[in-house]
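Asker: Quick check, what structure comes out for this input:
(chains A and B)
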Number of protein chains: 2
Amino acid sequence: MNQIHRVAIVGGNHGNELTGVYLVKKFQQYPHLIHRGSFETLSLLGNPKAIAARTRYIDTDLNRCFNQDKLSSSKISSYEELRAREIQQILQPENQKSVDTIIDLHTTTANMGLCIILGNWHPFLLKLAADLSAVNPLVKVYIHEQPQGSGFLRSLCDLGFAIEVGAVPQGILNAELFQKTEQLIYSVLDYFEDYNQGKYLPKNNTLTVYKSIGVIDYPRNEVGEIQAMIHPQLQFQDYEPLHPGDPIFLTFTGEEIFYQGNSPVYPIFINEAAYYEKGIAMHISEQQLIKIG
Amino acid sequence: MNQIHRVAIVGGNHGNELTGVYLVKKFQQYPHLIHRGSFETLSLLGNPKAIAARTRYIDTDLNRCFNQDKLSSSKISSYEELRAREIQQILQPENQKSVDTIIDLHTTTANMGLCIILGNWHPFLLKLAADLSAVNPLVKVYIHEQPQGSGFLRSLCDLGFAIEVGAVPQGILNAELFQKTEQLIYSVLDYFEDYNQGKYLPKNNTLTVYKSIGVIDYPRNEVGEIQAMIHPQLQFQDYEPLHPGDPIFLTFTGEEIFYQGNSPVYPIFINEAAYYEKGIAMHISEQQLIKIG
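Answerer: From the prediction side, this is the model:
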């Protein structure tokens, strides 16, 4: 693979996920923090109007607007669709060099720790993820292969990925997670620098990943209203195995609902606030130990 | 004091505080749960438009609209000001009996457990609070005397109070806190029933209360942007003493800021998401042990 020439760090793709917002503001005030000798680093606020309004988005979820159909359509009109096109033009300017990678900063109300979300199995990303999890055992790796046109910001380039940090409520800063996320970003940039300079030495040749296999919605009634909550025994248990017969939901009247699958799965994004409206109570994944070439 | 004749339970005064929203929906579906023989219980969703939009409010904070000036003004126009008047007309209908008390259900991102917030020192409320905290040691009592015209829903009647539960992010349900809040409401209703029937026996003749003495804002720059986060050592430490010299904030560049007061205070509402825009990093209080007559 070629060298990394340009890196983008995006915070506030969702306006109420403050860790990324304030990290990008910090990087814009102190650019030396993200400066490395062998590549250029841009830092960018994703959704300024939503940040000002302290909300995830104004009209529609910006992080579902980055698909080529929408980006090249003449019919888009929502604030986020237009903003997605602006961001694309900044990161992939015509007749100039595009960014090689995008680090998209997110937080979640799920107890996901420091999660690297990859949209594909690119060996460069797997090596990066293995390196980061060797340096910091709190780092987890979630592989969420996006269907074509899913519209995630990170899908703009092969080496794009998200950092998803939690549990933290929308609209607040948790100082401990802020500092851990900041250190993780510096580790990523240092990795790129070592790679460019040919100094990279693998710290790990195996990697545990969680591979997405689907989502589970809340039980709902005929008009779509949820009828149950995440079971207390499952709350905050991201990355832990959920076995057939384990409790998964608790109805408002106190009835337990049990997981009906045939084999254990590893839930992630358990009780993410923004996913209630998307029909997602949790993602489910398989745990895999993979060899890094 | 006279008997309790009518009780109102309000959820979703803030649309993204889901515990109260789904408790009220449950009570509306199963009214026998809040039925008691000696009084009538109404249950009501505070801000239906904000609940539908999964946001705290549409135009302005509904829970600051219940002051007599606004309620009787001919000039109000925002959704919440109009909704406040509707709610007042439901709870205090002309030529009919008003509710005697309002139980206003809230959640917070602060680690406040099960908190009873009183706006005054009415002996009936103090006895209720003493009773609830004797039954459940997780119950805390915060006395936040409102200035005239502060506009809280609970201020509509002398015996109104709030139940503030946390830590829970905006926009999600935590099953454990949902069930604890539900049980607390039943304890309140049972207390009213015993009181009306002359069966009430005090379980406690002393009560620890936290009396509001002010608020502390985040350090901000000249344009009002926050410059620091709640210090990790203070995060989640609601009701614990903060001594002069204890760390209170951590700047984005990692500098510690220490509490400068002359005597210990007891912070509450530490890192509440909705208070960033209100200029409040935390409330501060004094701890007092009071005798119940």
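
Asker: name the element residue A:21 belongs to?
Answerer: Assigned by DSSP states H and E, residue A:21 belongs to helix A:18-29.

Asker: who in the stretch 101-250 of chain A is up against chain B?
Answerer: Residues of the stretch 101-250 of chain A found near chain B (Cβ under 8 Å from any Cβ of the partner chain) are A:109, A:167-176, A:178-179, A:225, A:229-232, A:235, A:250. Yep, even glycine has a C-beta here, placed from its N, CA and C like the rest.

Asker: which of those residues are buried?
Answerer: By neighbour count, with 16 or more other Cβ atoms under 10 Å in any protein chain shown, those hold A:109, A:167-176, A:178-179, A:229-232, A:235, A:250 as buried.

Asker: Tell me which of those fall in helices.
Answerer: A:175-176, A:178-179 (DSSP state H).

Asker: how about the helices of chain A, start to end?
Answerer: All helices of chain A, identified by DSSP H, fall at A:18-29, A:48-53, A:68-72, A:79-91, A:123-135, A:175-196.

Asker: from the chain's centre, how far out does the longest one sit?
Answerer: The offset between the C-alpha centroid of helix A:175-196 and the centroid of the whole chain comes to 15 Å, using Cα atoms, centre = their mean, to the nearest Å.

Asker: Any buried residues in that helix, and which?
Answerer: A:175-182, A:184-185, A:188-189, A:191-193, A:195-196.

Asker: burial of residue A:289, as a residue count?
Answerer: Using other Cβ atoms under 10 Å in any protein chain shown, residue A:289 has 8 other residues around it.

Asker: what's the spacing between it and chain B?
Answerer: Distance from residue A:289 to chain B, counting by Cβ to the nearest Cβ, to the nearest Å: 32 Å.

Asker: so what's that residue up against?
Answerer: A:206-208 (Cβ atoms under 8 Å, 6 or more residues apart in numbering or on different chains).

Asker: Check residue A:133 too.
Answerer: A:116, A:139-141, A:204, A:207-208.

Asker: Nearest to residue B:127 among the residues you listed?
Answerer: residue A:140 (50.1 Å; Cβ to Cβ).

Asker: roughly how far apart are the residue nearest to that closest one when sequence neighbours are not counted and chain B?
Answerer: Leaving out its chain neighbours, the residue that sits closest to residue A:140 by Cβ to Cβ, 6 or more residues apart in numbering or on different chains is residue A:115, at 4.8 Å. Using Cβ to the nearest Cβ, one obtains 17 Å as the distance from residue A:115 to chain B.

Asker: burial measure for residue A:115, as a count.
Answerer: 23.

Asker: Confirm for me that it is in contact with residue A:161.
Answerer: No - counting by Cβ atoms under 8 Å, residue A:115 stays clear of residue A:161, with 10.2 Å between them.

Asker: okay, now residue A:236: neighbour count?
Answerer: 16.

Asker: picking that back up, let me have the contacts of residue A:133 in TSV, adding pLDDT and neighbour count as columns.
Answerer: Below are the contacts of residue A:133 laid out as TSV (pLDDT from 0 to 100; neighbours: other Cβ atoms under 10 Å in any protein chain shown):
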residue	pLDDT	neighbour count
A:116	98	22
A:139	97	20
A:140	98	22
A:141	98	23
A:204	76	14
A:207	95	19
A:208	97	14
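
Asker: where's residue A:48 relative to residue A:106, distance?
Answerer: 17 Å (Cβ to Cβ, to the nearest Å).

Asker: so where's chain A uncertain?
Answerer: Low-confidence segments of chain A, defined by pLDDT under 70: A:1.

Asker: so what's residue A:59 up against?
Answerer: A:78-81.

Asker: neighbour-wise, which of these leads?
Answerer: residue A:80 (25 neighbours).

Asker: what's the offset of stretch A:227-242 from the middle of its chain?
Answerer: With Cα atoms, centre = their mean, you get 20 Å for stretch A:227-242.

Asker: got a list of contacts for it?
Answerer: A:110-113, A:140, A:167, A:210, A:218-221, A:246-252, A:255-257, A:259, A:261, A:264-271, A:281-282, A:284, A:287, B:173-176, B:178.

Asker: That stretch spans what distance, first to last residue?
Answerer: 21 Å (Cα to Cα, to the nearest Å).

Asker: ok, now which ones touch the closest residue in space to residue A:76 that isn't next to it in sequence?
Answerer: Excluding the flanking residues, the one nearest residue A:76 by Cβ to Cβ, 6+ apart is residue A:70, at 5.8 Å. By Cβ under 8 Å, 6+ apart, residue A:70 lies in contact with A:76, A:81, A:84, A:151.
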